[in-house]
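[1] Need coordinates for the below:
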Amino acid sequence: MSKIKNKKKLIIILIVIIALGAFTYSRFIKAKEQVALETQINQIEHTVERGSIKKSITGSGSIESSDSRTILSGLEGTIDEIYVEEGQKVNEDELLAIYELESDSSEELTLETQKFNLLKSQSNLRDLYEKNQDLNIYAEISGTVRYFVEEGEEVNQNIKIAELNETDVIYFKSHFTENQIDSMKVGDKAEIFINSSLISLDGEITEIDKTPIPTGSNSIGYMVKGKINYNGILEEGSRVKVTAVTNSGTFVSPYSGEITKSSTVDIYPTYSGEINTLKLSSGDSVEKGQLIMTLKSEDLDMEIAQQELNVDKNRLELENLTEEDSTITSPINGTILTVLADEQGYVEKGKQLFQVADLENMEVIISVDELDIINVSKGQSVTIQSEVFAEEEFKGEVKSISLKGSNQSGVTTYDVTITLNDRKQLMSGMNVDVEILIEEKNNALIIPIESVSKVGNKYIINKKDDEGNLTPVSVEVGITNDSFIEVTSGLSEGDKIYYTTETSQDFPDGIMMPGMGLGGGQGRSSDGGGKE
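    Below is the predicted model:
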C-alpha cells in the first residue's frame, strides 16, 4: 500500500515539474518574441562622401571680468568730492574722489585749482585713449571688404581706406495704398516677383513710411522698403512686384517696385597715421564686428605719453599740498561698477568705497573632464554663444588650464579659463555656451561612426560591390567624434558600405539591447560633421 502511495506522489511531483518547465519555456519564448518585436534591425547602405568633420569640447559658464577690484578707504574721515559715477570708464591712477581737508582760504584756492588741473588732464588723457582705440577698424556690417591702401601706407582723415559691401542681402522698395499700409508692420513677410527673370523670392518688410507721396494719375502712395536674403545678383533698378503677407491678409501693391542698391559702408581713418596691418584681402568675406585692419600713429603715441606725464605731475602736485595721501584713485583701467560712498559722508579706514572692473577683457571658466583635458592647450580657438544674443557668435581663446583638478562623485574636472576677443554687448554675469575646437578638417572622407567595428587594433567596414557582395575591409581613420569618423585610407569617394543598427523602444523588465559598431556611447566631446 505504501508503495502505491509513493508512486502517486512521484507521479504528482513529475507532473508539477513538467508543468513548471512548460510554463518557464513559454515565458522564455514570449520574452524572446517580445524582444524581437521591440527591437528593429535597420539595414543601411551608405555612399562614402566628402565633407567636414570636427571634434570639440563643450561647456557652460558665466562671463566675468578678468580683473575686478574693490577700493577701500585708506583714511578715516569725510569724503569731500566724488568725481565718477556708476558705469563710467576710468583709467589706471585716475582720480575718483578726495577726502575733506582742513585749510585756510588761500590754501583752499590753490587746492581747488590743482584738483581742476588734475581732472582736466585726466579727461584729455581719456580722450586720447579713445582715439587710440579707434585705430582698430571693425566691420560695421557683414559682407565683403575692399581695401584702397596697403600696409605701411601713410593716411589722413580725408583718405578713403576701405569699403564694406553687404552681400547675400538685396533691398527693394514699392508704394502701397493707405488702406494697405494700415494693416502692415515692420517684420511682415513680403513676396517679391522679379519681372525680368520671372522668379519669386521671399523677403521681409524693414521700413514703412506713412508720408503720402504723389504717384501720378491723382493717386497717393506710401513707401514700403524691405530686404531679401539672396546670394545671387539682381541689378539695381530691376522692376519687381511686391506682395505683403500680414496677419490681416495678403496685399498686392498696385504699383511697380524696384531693386535698390545694397548697403555700402565707406571707411575713413579717425586719426592720421600709418596702415599697420590688413587682416584680410580685398574680396574676403567679413562678419559684423570683425577686425579688418589696424593703424598706428607715432604722433598719437607721443601725445598719449606726454599727457600721461602731465597727469602724474598734477597728481603729485595735489598730493604735495596735503600732509597725507588725500586722493582716491583707480588701481586699474576699467569701469566703475558701484559707488559705495557719498559726498560729505564719513568713512572709517578700510570701508569699501568703489568697485571697478575691466569689462573690456572678459573671461569665462568652464570645467573639462579629465579624459578631455589632455586635448586642451593654451591658445586654442573657442566659439562662444549666448541665449541673450542668439544671432551673435563670439570668439575667444584658451587663456589658462588649471593644474589642480576637482573631484566630485569620482569624476575629476579641471578649470579652463577662456578670454573673449570682443565681448560686443555681453555683460558680466551672462551665461554662455563654450565650444573649444580640438581638430577640424574639410573635404575629408567621412562615414557614420556606426558603420565601423574595431577588431583588435584594426577598424573594419563592410564594403559592397556592384553585385551586392559584402567584403570586410580594413581602413585607417583620422578624426573621430560621436557621429562621424574620418577615413584616411581604405575607401574612396563614391564607394558603398553596408551596416546594420538596432533601435529599441522601452523594453520590459529592464531589458536593453547593445548598440553596434563604434557608436551608441555618450561622449564628453561635442562633434560636427556633414556633407559639404
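
[2] Which parts of the stretch 201-350 of the chain are strands?
    Remark: strands assigned in the stretch 201-350 of the chain by DSSP state E, counting those that start in this stretch are 213-216, 219-229, 239-246, 249-252, 257-260, 264-267, 273-278, 285-286, 291-296, 327-329, 334-339, 346-347.

[3] Figure out which of these is closest to residue 56.
    In terms of CB to CB, the element of the strands of the stretch 201-350 of the chain nearest to residue 56 is strand 285-286, at 22.4 Å. In this view, the C-beta of every residue, glycine as well, is placed from N, C-alpha and C.

[4] Mean neighbour count and distance to residue 166 for the strands of the stretch 201-350 of the chain - can I get that in TSV?
    Output for the strands of the stretch 201-350 of the chain, formatted as TSV (neighbours: other CB atoms under 10 Å; distance: least, CB to CB, whole Å):
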stretch	mean neighbour count	distance to residue 166
strand 213-216	10	26
strand 219-229	19	9
strand 239-246	19	18
strand 249-252	13	27
strand 257-260	19	12
strand 264-267	14	7
strand 273-278	17	20
strand 285-286	17	10
strand 291-296	18	14
strand 327-329	19	45
strand 334-339	19	32
strand 346-347	17	54
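
[5] and those as JSON lines, adding distance to residue 194?
    Converted to JSON lines, these look like this (distance: least, CB to CB, whole Å):
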{"stretch": "strand 213-216", "distance to residue 194": "21"}
{"stretch": "strand 219-229", "distance to residue 194": "10"}
{"stretch": "strand 239-246", "distance to residue 194": "6"}
{"stretch": "strand 249-252", "distance to residue 194": "15"}
{"stretch": "strand 257-260", "distance to residue 194": "8"}
{"stretch": "strand 264-267", "distance to residue 194": "22"}
{"stretch": "strand 273-278", "distance to residue 194": "37"}
{"stretch": "strand 285-286", "distance to residue 194": "25"}
{"stretch": "strand 291-296", "distance to residue 194": "33"}
{"stretch": "strand 327-329", "distance to residue 194": "64"}
{"stretch": "strand 334-339", "distance to residue 194": "50"}
{"stretch": "strand 346-347", "distance to residue 194": "71"}
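
[6] Can you pull out the low-pLDDT segments for the stretch 151-300 of the chain?
    Low-confidence regions of the stretch 151-300 of the chain, defined by pLDDT under 70, span residues 233.

[7] contacting residues around residue 278?
    Residue 278 is in contact with 147, 149-151, 292-293, counting by CB atoms under 8 Å, 6 or more residues apart in numbering.

[8] re earlier: go through the strands of the stretch 201-350 of the chain and name the closest to residue 442.
    strand 285-286 (15.8 Å).

[9] elements contacting that closest one?
    Where contact means 3 or more CB pairs under 8 Å, 6 or more residues apart in numbering; DSSP states H and E, strand 285-286 is packed against strand 143-147.

[10] What helices and strands are in contact with the strand it packs on?
    With contacts defined as 3+ CB pairs under 8 Å, 6+ apart, strand 143-147 has these neighbours: strand 162-165, strand 285-286.

[11] if you set the cut-off to 10 Å instead, what comes out?
    Counting contacts by 3 or more CB pairs under 10 Å, 6 or more residues apart in numbering; DSSP states H and E, strand 143-147 packs against strand 162-165, strand 264-267, strand 273-278, strand 285-286, strand 291-296.

[12] if I look at residue 479, how far off is residue 355?
    Separation of residue 479 from residue 355 (CB to CB, to the nearest Å): 46 Å.

[13] thought residue 281 was touching residue 150?
    No - if you go by CB atoms under 10 Å, residue 281 and residue 150 don't touch, sitting 11.4 Å apart.

[14] how near is residue 352 to residue 134?
    35 Å.

[15] what do you get for residue 123?
    Distance from residue 123 to residue 134, by CB to CB: 17 Å.

[16] Kindly report the same for residue 183.
    For residue 183, the distance to residue 134 - CB to CB - is 45 Å.

[17] Can you show me the strands along the stretch 401-532 of the chain?
    According to DSSP E, counting those that start in this stretch, the strands that the stretch 401-532 of the chain contains are 406-408, 411-420, 431-448, 453-455, 458-464, 470-480, 484-489, 496-504, 525-531.

[18] As JSON lines, these with mean neighbour count and mean pLDDT would be great.
    Below are the strands of the stretch 401-532 of the chain laid out as JSON lines (neighbours: other CB atoms under 10 Å; pLDDT from 0 to 100):
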{"stretch": "strand 406-408", "mean neighbour count": "9", "mean pLDDT": "87"}
{"stretch": "strand 411-420", "mean neighbour count": "18", "mean pLDDT": "92"}
{"stretch": "strand 431-448", "mean neighbour count": "18", "mean pLDDT": "88"}
{"stretch": "strand 453-455", "mean neighbour count": "12", "mean pLDDT": "86"}
{"stretch": "strand 458-464", "mean neighbour count": "18", "mean pLDDT": "89"}
{"stretch": "strand 470-480", "mean neighbour count": "15", "mean pLDDT": "88"}
{"stretch": "strand 484-489", "mean neighbour count": "20", "mean pLDDT": "90"}
{"stretch": "strand 496-504", "mean neighbour count": "16", "mean pLDDT": "80"}
{"stretch": "strand 525-531", "mean neighbour count": "16", "mean pLDDT": "50"}
